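Student: Here is my input; please provide its structure:
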Amino acid sequence: MQRILPMTRPTALPIAALACALAATPASAHAFLDHAIPPVGGTVSASPGVLQLFYTENVVLAFSGVRVAMDGGGSVPVSKPSLAAPNELVVKLGRALKPGTYLVSWHVVSVDTHHTQGTYKFTVAP
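Tutor: Numbering: from 1, shown residues only. Modelled structure (predicted):
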């Protein structure tokens, strides 16, 4: 007859941790800004023609938008956003940017219907 030994704490703990890890499901996904061109907080030597915003999740174009304004000043005309990839919004600037700091405000809805928004700045060097 084979004797079955009880599971000891050193053995049970790793098994329990593995079970929890395998059973865990990701929390509700949201499309947060991953990076941008021009870069978040960065400085460029000339006015960009377009802004590219890359998100952590795919986004729904119909419910997404981007605005640009000179820091402390007026707005900059931009095109309607387009998708260069399922997670990349692109907007064309309506005019060349003068040297200064610019505020980009964005809002998106991810494909799982979660709304996120945010802002970032970049600078055009003189």
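Student: alpha carbons only for contacts and neighbour counts from here, please
Tutor: Fine.
Student: just so I have it, where are all the helices in the chain?
Tutor: Secondary structure of the chain (DSSP state H): helices located at 9-23.
Student: wait, what's in contact with the residue minimising distance to the centre of the chain?
Tutor: Closest residue to the average C-alpha location of the chain: Leu33 at 1.7 Å, with C-alpha atoms, centre = their mean. Contact analysis of Leu33 by C-alpha atoms under 8 Å, 6 or more residues apart in numbering lists Leu53, Phe54, Tyr55, Thr56, Gly118.
Student: Val76 is in contact with Gly94, correct?
Tutor: Yes - in this structure, Gly94 is within contact of Val76 by C-alpha atoms under 8 Å, at 7.0 Å.
Student: who's more crowded, these two?
Tutor: Set Gly94 next to Val76 and count neighbours by other C-alpha atoms under 10 Å: Val76 wins out with 17 against 12.
Student: quick one: the more buried one and Arg67, what's the gap?
Tutor: 8 Å (C-alpha to C-alpha, to the nearest Å).
Student: tell me which residues form a beta bridge with Lys121?
Tutor: Leu103 (DSSP bridges).
Student: got a pLDDT number for it?
Tutor: As predicted, Lys121 sits at a pLDDT of 97.
Student: what separates it from Asp34, distance-wise?
Tutor: Distance, Lys121 to Asp34, using C-alpha to C-alpha: 14 Å.
Student: So for those two, which residue has more residues nearby?
Tutor: Lys121 (19 against 13).
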